[in-house]
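> Fold the following for me, if possible:
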Amino acid sequence: MPTKKINKKKLTALVTGASRGIGYSIASKLCEADVKVIGTGTNSDQRIPKGCEYKQVDFLNLDSLDNFLKYVGSQEIDILINNAGINKINEFAKITSTDFDEIIQVNLKSPFLITQAVLPYMKEKNWGRIINISSIFGKISKEFRSPYSASKFGLDGMTAGLAAEVARNGILANTLSPGFIDTELTSSILGESGKNEIKKTIPIGRLGSVEEIATFACWLASEENTYISGQNIVIDGGFVRV
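Modelled structure (predicted):
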């Protein structure tokens, strides 16, 4: 697996949600592979990997999103990583319409619109890689996560339909579904005791790392991947299979 070069030519990748966690690690590894990376974040002062171009965009602000889509449409994007996402945990009966709409807007509709914006160039070039970052909760679900699972199941459905349509154009599209990953967000939600309980349910016996997700994502986005498309690939230490 290449660690320094993904392509002899300079490629351009767009990574949404690149200011922390999985998105940050993916953006970092792509930069290391000599790919030009455009990374997004919601705020103007968010951290971004060294060497990346930063674009501020708020997917819940329609003007901000519209301006971003115009920008994306003017760029020559070879690799798209739709990683940005939000989650709001609540009982089904207590989920507000606003919360539901916001989760769908960020996790599903925005990736749909961004993908539309990058496709013309990919089709013209007859090459492209699209990876939609989902979750194990887009394969299975859990109490209090109905809107989140709805968005992630929908994201995978979108990926499957897209992959069937654009394969003839040399574009491979896949869903990547991480399990429990050791991030700052996971720690803040679960705490150490919660993480220890989760570890007991994972056959490998530990949480995954952002580097493990990023390493596979970068390979999936590379020219070495020539035949994987339309798949929902789970990286979870065996969690959903037991």
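
> Would you mind measuring the gap between the ends of stretch 94-111?
From its first residue to its last, stretch 94-111 covers 26 Å (Cα to Cα, to the nearest Å).

> And for it, what's in contact with it?
For stretch 94-111, the external contacting residues (Cβ atoms under 8 Å, 6 or more residues apart in numbering) are 16, 59-60, 65, 82, 84-88, 90, 132, 146-148, 150-152, 154-155, 158. The C-beta positions use only the backbone N, C-alpha and C, and glycine is treated the same way.

> same question for it, mean pLDDT?
For stretch 94-111, mean pLDDT rounds to 98.

> List the buried residues for stretch 126-141?
Of all the residues in stretch 126-141, those buried under the rule 16 or more other Cβ atoms under 10 Å are 127-139, 141.

> Need the per-residue pLDDT for the nearest residue to residue 140 once chain neighbours are set aside.
Computed as Cβ to Cβ, 6 or more residues apart in numbering, the closest residue to residue 140 that is not its neighbour in sequence is residue 240, at 5.5 Å. Note on residue 240: pLDDT of 95.

> Just to be sure, residue 240 is in a helix?
Yes - per DSSP: H, G, I helix; E, B strand; the rest coil, residue 240 lies within a helix segment.

> just to revisit the earlier point, now, which of the contacts of stretch 94-111 lie within helices?
When DSSP state H is applied, the contacts of stretch 94-111 are split such that 65, 146, 147, 148, 150, 151, 152, 154, 155, 158 fall in helices.

> Got a PyMOL select line for the buried ones in those?
Of the ones in helices among the contacts of stretch 94-111, the buried ones can be selected in PyMOL as follows, counting by 16+ other Cβ under 10 Å:
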select buried, resi 65+146+147+148+150+151+152+154+155+158
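
> out of the ones in helices among the contacts of stretch 94-111, who's nearest residue 55?
Of all those, residue 55 sits closest to residue 65, with 11.7 Å by Cβ to Cβ.

> Counting neighbours, what do you get for the residue lying closest to the closest one once chain neighbours are set aside?
Nearest non-adjacent residue to residue 65, counting by Cβ to Cβ, 6+ apart: residue 59, 5.5 Å away. Burial of residue 59 is recorded as 24 neighbouring residues (other Cβ atoms under 10 Å).

> end-to-end on stretch 67-83?
OK, stretch 67-83 end separation, Cα to Cα: 19 Å.

> Could you tell me how far it lies from the centre of the chain?
Offset of stretch 67-83 from its chain centre (Cα atoms, centre = their mean, to the nearest Å): 14 Å.

> Report the buried residues of that stretch.
In stretch 67-83, counting by 16+ other Cβ under 10 Å, buried: 68, 69, 72, 75, 77, 78, 79, 80, 81, 82, 83.

> so what's the last one up against?
So the one you mean is residue 83. Taking Cβ under 8 Å, 6+ apart as the test, what residue 83 contacts is 15, 16, 17, 18, 22, 23, 26, 133.

> what stretches of this structure score poorly on pLDDT?
1-8 (pLDDT under 70).

> just to revisit the earlier point, so which of the buried residues of stretch 126-141 is the closest to residue 170?
residue 127 (4.6 Å).

> The closest residue to residue 190 other than its chain neighbours: which element?
Using Cβ to Cβ, 6+ apart and skipping residues adjacent in sequence, the residue nearest residue 190 is residue 198, 6.6 Å away. For residue 198, the host element (DSSP states H and E) is helix 184-199.

> Buried residues in the helix or strand that comes right after that helix, which are they?
Downstream of helix 184-199, the next assigned helix or strand under DSSP H and E is helix 210-220. Across helix 210-220, burial judged by 16+ other Cβ under 10 Å covers 210, 212, 213, 214, 215, 216, 217, 218, 219, 220.
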